[in-house]
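*Asks:* compute the structure for the input listed below.
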Amino acid sequence: MSADDLAARSQAAFVRRFPQIVDAIAAEPAQSRLVSDGETPIDIVIGEQRIYGGDARGHAARQVEDFIAKPLRFVMETPQAAGLVSEICIGLKLAMEGVLVDANATEVSRGPISAPTFLVVFGLGLGYHLEELVRKTGARWVIVVEPFVEFIAHSFRAIDWERLFGEVEAVDGKIHVISDLDPGRIIAAVMQTIAEHGTPYLDGTWVFTHYPLWTFAEAVKRLHGAAEFAYVNRGFFEDELVMMGNAVANFVGRPFWLLDGKPRLHRPERAVIVGAGPSLDAAIETLHRIRDRVVLFSAGTGLRPLLRNGLVPDFHCELENGPQVVEVCGEAAQYADLKQVRLIASATVDPRVPSLFGETILFFRDSVSPTRIMSRGTWPLNAAAPTCVNAALAAGAALGFTDFILMGTDCGTRPGMSCHAEGTIYRDLEKWRSRDEQSKYPLEVEGNFGGIAFTNWVYDASRRMLMELIAAYHLNVVNCSDGALIAGATPRVPESLELAGGAIDRARVIAELKRSLRYCEAGDLVRGTDIEGLRSAARELYRDLAAVLERFPPGSDDFAGVFEAFGEFQRRAGTTYQRIDGIPEGSLAALPRVAMFYGSRVADAALRQRLFAVFRTEFQEALATMARCTDELLAELGVMAAKQESAPAA
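*Replies:* Okay, the predicted model is just below:
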């Protein structure tokens, strides 16, 4: 085949799959030239610099050989992130490890050897490395990152893209191409692509860099953190049960205002969000100076240091549903009367928390089961996770504030600094101090005032979610925190703040804010709920889930097939089960992932089948347990709802 015919064939293959890239090639002026030996491309020249030194094919072959001998792979060292916060999943883990011990197979492969996975290639150039990489890694999905579209055009004359696409797609794989120079956008696109195929397949991902570029080095560094965070399973059955119970108890326990995520008229006042980051210590004096001119929101453990310093917030924000929130707020209450403070909390918060505060504002948190089942068209508060600081900024924006000051929202820590502010439970109480000392901050990010800061996957996700919220609401945000840079927020040291105007009329502001909310008497949100209908839907759901598992006989070893089958079931469920499937959803994804961790690391087919048989039995028992517990919870909630039905509405 001539070089011209090959180029036409490869370009046609790209036009069918990536027309926007071919359009970009046509629109971009050439900044490099192709060097050929006869009709064979051998190099790319940019200015006077050759990429390959005149031997592109040999260079690529040596690179691949060296890579396979010592590959860079993202391997999950333990199944911990796959869902082991769930007792159901821990039971499965112990059962599968028991099989391995009985078989004297305690040593399994460090990485997966039988599960499909990804190959991420940073740099295409002429592409001579690509086909051999795909063959030797056995990756099912290939993600090629090439910022320079003219290199893609050069590759049309070097490799047969039509053949390569065909070989990958013939085994249900796919090639994705990302053309971007910004490492943040590259990683976002990579992770979105991975999520489309299945996040568990991240385990064992191959990462290959073809030519040196700062963008690639930064993207590889960020990819590691993003992969670790993405692999963590979101939500699990036991937690959803708690959240459903908490939500109903909060709805029937006492009157409250309901904050939804719909747009409101903008407020003219400045709002301050206070987290528990270590830089809060340096901001206390400034907070005292500006207190009468701002509306003050505390977030989570940021409440205690404020109260200890004589600063009583207007609103306190909580997100988590565990009993530790009661303890944390109770600790703070010894420094001031919490009845002066209005609580803004997820409806799933422990029902003992609202009674500590003067008034309560609840919101539906996105994605969790109470929101899916009970919100009845009420807009959830988006971007309110993963930390209380996110909840505070989301709540403030939903209330109509557009001008914010962030203090103690470090989203990590500076080198040599503590992890939290003075006066927090993490600094004062031994039980919490020991937990904090075990925290790790493995990610290095740009600091708010230059230099670097260290963070972890939760705080980095918090930072990124703050950035998205700032952009989505077009917020004017000043960040006085000496931690990680939050793009979209203007860095300012606290003492430089000068706020114009006099003291705000706090009583008027709060009265106006409450008028924009829906007032709910105890029981309003559960009156008319068909609990028996939910119980019936739940029984049908678990029967259908058991039927999905029956498709896989005990002699199978298709762990990935189970994961994909249950994922497809959940995608198709829609409103079939009155959204009650939100309760087991997280564990339905976690159980196969835990099993995949072990099953994919065993080479012996007979042992894999034994593991699968145990997995199948444990999964059956888990479904039966979840069915029983869901029914018991709904029966209990039915009793609570019935009491409200018989009570007169206010």
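
*Asks:* switch to C-alpha atoms for all contacts and neighbour counts from now on
*Replies:* Will do.

*Asks:* now do the SS call for the closest residue to Ile51 other than its chain neighbours.
*Replies:* Nearest non-adjacent residue to Ile51, counting by CA to CA, 6 or more residues apart in numbering: Ile44, 5.7 Å away. Of the three states, Ile44 takes strand according to DSSP: H, G, I helix; E, B strand; the rest coil.

*Asks:* residue numbering should commence at 7 henceforth.
*Replies:* Yep, numbering from 7; the last one is Ile50 now.

*Asks:* the residue nearest to Asp587 when sequence neighbours are not counted: which element?
*Replies:* Leaving aside its sequence neighbours, Asp587 sits nearest to Leu547 (CA to CA, 6+ apart; 7.0 Å). Taking DSSP states H and E as the definition, Leu547 sits inside helix 537-556.

*Asks:* and that helix, what other elements does it pack with?
*Replies:* If contacts are counted by 3 or more CA pairs under 8 Å, 6 or more residues apart in numbering; DSSP states H and E, helix 537-556 sits against helix 565-579, helix 611-652.

*Asks:* buried stuff in it?
*Replies:* Buried residues in helix 537-556, defined by neighbour count with 16 or more other CA atoms under 10 Å: Ile537, Leu540, Arg541, Ala543, Ala544, Arg545, Leu547, Tyr548, Leu551, Leu555.

*Asks:* grab the nearest non-local neighbour of Gln626.
*Replies:* Ala552 (6.9 Å).

*Asks:* hang on, the residue nearest to Asp587 packs against Gln584?
*Replies:* No. Here Leu547 does not reach Gln584: they are 9.7 Å apart, not a contact under CA atoms under 8 Å.

*Asks:* pick the most deeply packed of the helices and strands packed on helix 537-556.
*Replies:* helix 611-652 (a mean of 18; mean count of other CA atoms under 10 Å).

*Asks:* chain center to that helix, what's the gap?
*Replies:* How far helix 611-652 lies from its chain's middle: 26 Å, per CA atoms, centre = their mean, to the nearest Å.

*Asks:* on that earlier part again, taking the buried residues of helix 537-556 together, which two end up most distant?
*Replies:* The span of the buried residues of helix 537-556, defined through CA to CA, is set by Ile537 and Leu555 at 27.2 Å.

*Asks:* which one is the most centrally placed residue in the chain nearest to, not counting chain neighbours?
*Replies:* Note on the chain: the residue nearest the mean C-alpha position is Ala236, at 5.8 Å, using CA atoms, centre = their mean. With sequence-adjacent residues excluded and distances taken as CA to CA, 6+ apart, Ala236 is closest to Thr205, at 7.0 Å.

*Asks:* where in the stretch 407-556 of the chain is pLDDT low?
*Replies:* Along the stretch 407-556 of the chain, the model assigns pLDDT under 70 to residues 441-444.

*Asks:* what are the boundaries of the helices in it?
*Replies:* Here the stretch 407-556 of the chain has its helices, by DSSP state H, counting those that start in this stretch, at 431-434, 436-443, 463-479, 512-521, 537-556.

*Asks:* secondary structure element for the closest residue to Glu501 other than its chain neighbours?
*Replies:* Nearest residue to Glu501, sequence neighbours excluded (CA to CA, 6+ apart): Thr292, at 5.9 Å. In this assignment (DSSP H and E), Thr292 forms part of helix 290-296.

*Asks:* need the contact partners of the next helix or strand after that helix.
*Replies:* Later in the chain than helix 290-296, the nearest helix or strand by DSSP H and E is strand 300-305. Here strand 300-305 makes contact (CA atoms under 8 Å, 6 or more residues apart in numbering) with 275-282, 312, 319-324, 394-395, 397-398, 509-510, 512.

*Asks:* can you list the helices of the stretch 407-556 of the chain in TSV and add distance to Cys635?
*Replies:* Listed next are these as TSV, based on distance: least, CA to CA, whole Å:
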stretch	distance to Cys635
helix 431-434	34
helix 436-443	31
helix 463-479	30
helix 512-521	38
helix 537-556	11
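
*Asks:* the ones you listed: which one's closest to Glu175?
*Replies:* That would be helix 537-556 among the helices of the stretch 407-556 of the chain, by CA to CA, at 26.7 Å.

*Asks:* returning to what we had before: tell me, what's the model's pLDDT at the residue nearest to Ala236?
*Replies:* pLDDT, Thr205: 84.

*Asks:* so Gly605 touches Arg616, yeah?
*Replies:* No. Using CA under 8 Å, Gly605 makes no contact with Arg616, being 9.6 Å away.

*Asks:* hey, where'd the strands end up in the stretch 357-506 of the chain?
*Replies:* For the stretch 357-506 of the chain, applying DSSP state E, counting those that start in this stretch gives strands covering 365-369, 407-413, 449-452, 458-461, 482-485, 495-497.

*Asks:* quick one: the longest one to chain centroid distance?
*Replies:* In this case it means strand 407-413. How far strand 407-413 lies from its chain's middle: 24 Å, per CA atoms, centre = their mean.

*Asks:* least trustworthy helix or strand in the chain by mean pLDDT?
*Replies:* When each helix and strand of the chain is scored by mean pLDDT, DSSP states H and E, helix 436-443 comes last, with a mean of 71.

*Asks:* all helices of the stretch 107-256 of the chain, in order?
*Replies:* Using DSSP H, counting those that start in this stretch, helices in the stretch 107-256 of the chain cover 136-143, 155-161, 167-175, 189-203, 220-237, 243-259.

*Asks:* how is this protein partitioned into domains?
*Replies:* 9-76+118-233, 265-525, 532-652 (automatic domain parsing).

*Asks:* need those in TSV with distance to Leu247, can you?
*Replies:* Formatted as TSV, the domains of the chain follow (distance: least, CA to CA, whole Å):
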stretch	distance to Leu247
domain 9-76+118-233	24
domain 265-525	9
domain 532-652	7
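
*Asks:* from Arg39, how far off is the residue nearest to Gln626?
*Replies:* Separation of Ala552 from Arg39 (CA to CA, to the nearest Å): 60 Å.

*Asks:* quick check on the residue lying closest to Phe370 once chain neighbours are set aside: phi, psi?
*Replies:* Leaving aside its sequence neighbours, Phe370 sits nearest to Pro386 (CA to CA, 6+ apart; 4.7 Å). When read as degrees, to the nearest 10, the backbone of Pro386 gives phi -70, psi 160.

*Asks:* Pro386 contacts Thr377, doesn't it?
*Replies:* Yes. Using CA under 8 Å, Pro386 is in contact with Thr377, at 7.2 Å.
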